[in-house]
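this one's structure only:
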């Protein structure tokens, strides 16, 4: 079996994080929870559930992901696959086996869990989220002939390919940056339909007007930056 590590950015997810960690399949070698300036018991609960806990005080989804990557870069035995997963329990962590399967069996570079409508719980994605996904993936199709249908956070990538992407976004543009760079570098990719449910607690992005607008601006900025590069 390949060496698989999971990176989970988490900001004040004390109620959900134990559920996420416990539902991750045993084939994973290490679960890394990056507490992104949490002020509750996220760190304690993640540690008690068996995860490696890191702290990133600079707020931002990308900051947390990069912290996890930096930690892995210092390990002697590097992983084969990195899985990114949110800490709010909206995804079904047990579906990780489906996400990594194309990498293991088909040698695909990058796999994204697509939150298709028929597998989504009612209300699990807000209207701004749905529209933002449609707009971003439509623009990627227009400019890059992409077949992406979602910017879902549940994703897996070969570790070597992740390093090739040279990820840099520190906040909400992380997911779209990764997909754009996969397209620009002509890596192989695949989408796998996944189940999606209402998260535990309030979303820090789609749950606020400020978060939704900021995320939308970041996503469009990355798309137009790469479209004319």
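That came through fine. None of these values were measured; they are calculated from a predicted model. Numbers count the residues shown, from 1 in each chain.

secondary structure element for the residue at minimal distance from the centre of the chain, which one?
What sits nearest the mean C-alpha location of the chain, by CA atoms, centre = their mean, is residue 153, with 3.0 Å. Assigned by DSSP states H and E, residue 153 belongs to no helix or strand.

go on, residue 86?
Using DSSP H and E, residue 86 falls within no helix or strand.

for residue 201, see how far away it is.
Distance of residue 86 to residue 201, computed by CB to CB, to the nearest Å: 11 Å. (Each C-beta comes from the backbone N, C-alpha and C, glycine too.)

and the strands in this structure, which stretches?
For the chain, the strands defined by DSSP state E cover 4-10, 30-35, 52-55, 81-84, 110-114, 155-158, 189-193.

possible to save these as TSV with mean pLDDT?
Converted to TSV, these look like this (pLDDT from 0 to 100):
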stretch	mean pLDDT
strand 4-10	98
strand 30-35	98
strand 52-55	98
strand 81-84	98
strand 110-114	98
strand 155-158	98
strand 189-193	98
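
could I get those strands as a markdown table with distance to residue 18 and mean neighbour count?
As requested, the strands of the chain are exported to a markdown table (distance: least, CB to CB, whole Å; neighbours: other CB atoms under 10 Å):
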| stretch | distance to residue 18 | mean neighbour count |
| --- | --- | --- |
| strand 4-10 | 11 | 25 |
| strand 30-35 | 10 | 24 |
| strand 52-55 | 12 | 18 |
| strand 81-84 | 18 | 24 |
| strand 110-114 | 21 | 25 |
| strand 155-158 | 22 | 25 |
| strand 189-193 | 25 | 18 |
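
what would these look like in CSV with distance to residue 41?
Output for the strands of the chain, formatted as CSV (distance: least, CB to CB, whole Å):
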stretch, distance to residue 41
strand 4-10, 11
strand 30-35, 10
strand 52-55, 11
strand 81-84, 23
strand 110-114, 27
strand 155-158, 27
strand 189-193, 33
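
all set, thanks.
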